[in-house]
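J.: generate a structure from the sequence data that follows.
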Amino acid sequence: MTWDDTSARATLRRLFDTAIRAADPRAILAAHLPERPKGRVIVVGAGKSASVMAAAVEDAWPDADLSGLVVTRYGHAVPTKRIETVEASHPVPDAAGEAAARRILALMQGLTADDLVLALISGGGSALLALPDGGLTLADKQAVNRALLASGATIQEMNCVRRHLSAIKGGRLAAAAHPARVVTLAISDVPGDEPTVIASGPTVPDPTTFAEAQAILARYDAEVPPAVAAHLADAVEETPKPGDPRLARAEFRMIATPQMALEAVAEEAAALGLPPLLLGDALEGEASVVGTVLAGIARSAHTHGHPIRPPCLLLSGGETTVTIRPGTPRGGRGGRNTECLLGFALAAAGAPGIWALMGDTDGIDGSEDNAGAIVTPDTLARARAAGLDPRQSLSSHDSYGLFASLGDTIVTGPTLTNVNDLRLVLIA
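T.: From the prediction side, this is the model:
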């Protein structure tokens with residue numbers, strides 16, 4: 001096949017859509033449901049996929065006596081009949097998420113050993129399931145979230161802190177459901193698929209401590225409200241730990257992961273005549289730096305045929321970070337993927353025969369309306385012809401502005417699933 005701009009763009013978008021289909025709860029959830037209990041079925045959940053997961057449960061168990069409540073991001077709800085859906089804010093929590101979390105925790109009261117709690121957990125659940133512990137307030141949690149999002153902390157570190165500020169995360173939801181059976185169906189959006197990190201692990205034991213949460217805030221010099229610092233220092237009641245008897249009947253089932261999505265893309269790429277090289281599902285680091293490294297690999301493949309001969313596809317997943325440093329001018333718009341792409345474009349330096357698509361599989365890269373964007377061999381030339389300075393756009397974190405001006409953003413709308421970021425590099 002002869003690759004040109006039209007065919008490369010179409011192929012990359014087709015492969016991105018393949019990843020999303022591989023993680024669609026409507027296609028995969030039913031196979032993971034447990035046997036029905038003697039008692040009640042209470043369905044709860046949080047995350048960007050929570051509502052569509054609830055709808056999939058209703059479809060799979062049309063005659064079951066279901067009730068419950070799930071909370072999802074604004075714009076991510078789908079119609080449900082027996083399970084209530086509430087929408088709330090992400091990535092910074094709001095009062096709607098706090099109220100939903102309080103109601104979900106209340107549903108755990110009075111359950112028996114014959115009852116089943118079906119917990120539907122996906123990425124975004126940490127912000128959406130916001131129930132401050134102790135004397136903390138929602139404003140306290142909002143301040144911590146904002147500080148961590150700008151700090152460059154990893155998702156593992158952020159969620160360690162969140163677990164120790166919450167009355168529902170870090171296994172507390174499952175502990176409250178005791179003695180009922182708790183089965184969690186999860187869609188992973190985190191590197192390594194660690195259950196404690198997905199939505200901050202509301203139904204699994206938490207091996208981390210208050211001291212570790214304090215150390216993370218200190219490591220990034222994150223400014224937090226005095227009440228948060230005092231709460232972490234007091235460490236009144238630790239989160240449920242491995243071996244806690246209240247979690248003895250809690251089971252965790254992973255139904256979709258970044259690796260599963262990457263493997264589906266690799267299979268599709270091979271069928272299209274693009275031998276795939278899967279670089280991993282957990283690539284992390286500063287977004288622009290990861291982009292620079294990927295461009296280096298792509299140029300080596302194109303020029304030397306190493307580590308793979310073209311035509312080929314490099315693919316990877318994982319969550320990068322964007323660190324907003326003091327003194328950075330405000331007003332820049334963008335997310336992890338467009339920033340990674342801009343770093344890629346600058347390092348690729350217009351090399352021919354190299355295209356890239358990077359996007360968040362939930363359809364929202366950061367806080368804008370795009371899932372991600374595409375880089376082409378002439379991205380830098382087109383940007384400069386339009387009067388844009390790509391390096392200035394990168395330093396001011398305005399990657400969205402650059403790609404939107406070029407018409408190269410990828411807009412899917414909410415995909416209703418979330419298996420983290422997907423990075424595809426086509427080398428002709």
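J.: near residue 333, how many other residues are there?
T.: Using other CB atoms under 10 Å, residue 333 is surrounded by 17 other residues. The way it works is simple: take the backbone N, C-alpha and C, and place the C-beta from them, glycine included.
J.: that one is in contact with residue 368, isn't it?
T.: Yes - if you go by CB atoms under 8 Å, residue 333 and residue 368 touch, sitting 5.8 Å apart.
J.: quick check: neighbours shared by those two?
T.: Counting by CB atoms under 8 Å, 6 or more residues apart in numbering, the contacts common to residue 333 and residue 368 are residue 400.
J.: residue ranges with poor pLDDT in the stretch 201-350 of the chain?
T.: 327, 329-331 (pLDDT under 70).
J.: what segments of it are strands?
T.: Ranges of strands in the stretch 201-350 of the chain, per DSSP state E, counting those that start in this stretch, are 250-256, 276-280, 312-317.
J.: out of these, which one sits most buried?
T.: Per residue and on average, the most neighbours among the strands of the stretch 201-350 of the chain fall to strand 312-317, with a mean of 24 (mean count of other CB atoms under 10 Å).
J.: helices or strands next to that strand in the packing?
T.: helix 258-271, strand 276-280, helix 287-304, strand 421-427 (3 or more CB pairs under 8 Å, 6 or more residues apart in numbering; DSSP states H and E).
J.: tell me which strands that strand pairs with, and in which orientation.
T.: strand 276-280 (parallel), strand 421-427 (antiparallel) (DSSP bridges).
J.: nearest to residue 131, out of those?
T.: The closest of these to residue 131 is strand 421-427. By CB to CB, the value is 27.8 Å.
J.: centre of the chain to the closest one, how far?
T.: Distance of strand 421-427 from the chain centroid (CA atoms, centre = their mean, to the nearest Å) equals 17 Å.
J.: stretch 198-209 now?
T.: Counting by CA atoms, centre = their mean, stretch 198-209 comes out at 16 Å from the chain centroid.
J.: can you check stretch 179-191 too?
T.: Counting by CA atoms, centre = their mean, stretch 179-191 comes out at 15 Å from the chain centroid.
J.: any idea how far apart the tips of it sit?
T.: Start-to-end span of stretch 179-191 (CA to CA, to the nearest Å) is 32 Å.
J.: what about the nearest residue to residue 254 once chain neighbours are set aside, distance to residue 256?
T.: Distances taken as CB to CB, 6 or more residues apart in numbering place residue 186 nearest to residue 254, at 5.4 Å, with adjacent residues excluded. To residue 256, residue 186 is 8 Å away according to CB to CB, to the nearest Å.
J.: assign residue 43 to helix, strand or coil.
T.: strand (DSSP: H, G, I helix; E, B strand; the rest coil).
J.: beta partners for it?
T.: residue 68, residue 118.
J.: how near is it to residue 386?
T.: According to CB to CB, residue 43 stands 50 Å off from residue 386.
J.: which one of those two has more residues nearby?
T.: Using other CB under 10 Å, the more surrounded residue of residue 43 and residue 386 is residue 43, with 27 against 10.
J.: from residue 114, how far out is that one?
T.: For residue 43 relative to residue 114 (CB to CB), the value is 16 Å.
J.: buried residues, stretch 184-202. List them.
T.: Residues of stretch 184-202 classed as buried: 184-191, 193, 195-202 (neighbour count, 16 or more other CB atoms under 10 Å).
J.: go on, stretch 94-109?
T.: Buried positions in stretch 94-109, judged by neighbour count with 16+ other CB under 10 Å: 94, 96-101, 103-105, 107-108.
J.: quick check: mean pLDDT across it?
T.: Average pLDDT, stretch 94-109: 97.
J.: do the same with stretch 376-390
T.: 98.
J.: mind saving the C-alpha coords of it as CSV?
T.: Extracted in CSV, the C-alpha atoms of stretch 376-390 (Å, rounded to 0.1, in the frame of the first residue of the first chain):
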residue,chain,number,x,y,z
THR,A,376,1.5,14.9,10.1
PRO,A,377,4.9,15.4,8.4
ASP,A,378,3.9,19.0,7.6
THR,A,379,2.4,19.9,11.0
LEU,A,380,5.2,22.3,11.9
ALA,A,381,5.3,23.9,8.4
ARG,A,382,1.5,24.5,8.4
ALA,A,383,1.6,25.9,12.0
ARG,A,384,4.4,28.4,11.1
ALA,A,385,2.6,29.4,7.9
ALA,A,386,-0.5,30.2,10.0
GLY,A,387,1.6,32.5,12.2
LEU,A,388,1.9,30.0,15.1
ASP,A,389,5.1,29.3,17.1
PRO,A,390,5.1,25.6,18.0
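J.: list the contacts of the residue nearest to residue 254.
T.: Per CB under 8 Å, 6+ apart, neighbours of residue 186: 121-122, 195, 198-199, 252-255.
J.: quick check: bridge partners of it?
T.: Here residue 186 sits in beta bridges with residue 121, residue 254, going by DSSP bridges.
J.: kindly provide the distance from it to residue 122.
T.: 7 Å.
J.: okay, and the common contacts of those two?
T.: Counting by CB under 8 Å, 6+ apart, the residues touching both residue 186 and residue 122 are 198-199.
J.: check contacts around residue 177.
T.: Here residue 177 is in contact with 108, 111, 117, 250 (CB under 8 Å, 6+ apart).
J.: do that again at 10 Å, thanks
T.: 42, 44, 105, 107-109, 111, 115-117, 119, 203, 246-247, 249-250 (CB atoms under 10 Å, 6 or more residues apart in numbering).
J.: closest one of those residues to residue 428?
T.: Once CB to CB is applied, the member of these that ends up nearest residue 428 is residue 119, at 45.4 Å.
J.: phi and psi next, for the closest residue to the closest one other than its chain neighbours.
T.: Excluding the flanking residues, the one nearest residue 119 by CB to CB, 6+ apart is residue 184, at 4.3 Å. Per-residue torsions, residue 184: phi -100, psi 130 (degrees, to the nearest 10).
J.: ok, now how distant is residue 184 from residue 55?
T.: 18 Å.
J.: can you check residue 123 too?
T.: Using CB to CB, residue 123 is found at 18 Å from residue 55.
J.: compare those two (neighbour count), which wins?
T.: residue 123 (30 against 22).
J.: bridging residues for residue 166?
T.: According to DSSP bridges, beta-bridge pairing links residue 166 with residue 132.
J.: is it correct that it is in contact with residue 127?
T.: No - the pair residue 166 / residue 127 is not scored as a contact, 11.1 Å apart, by CB atoms under 10 Å.
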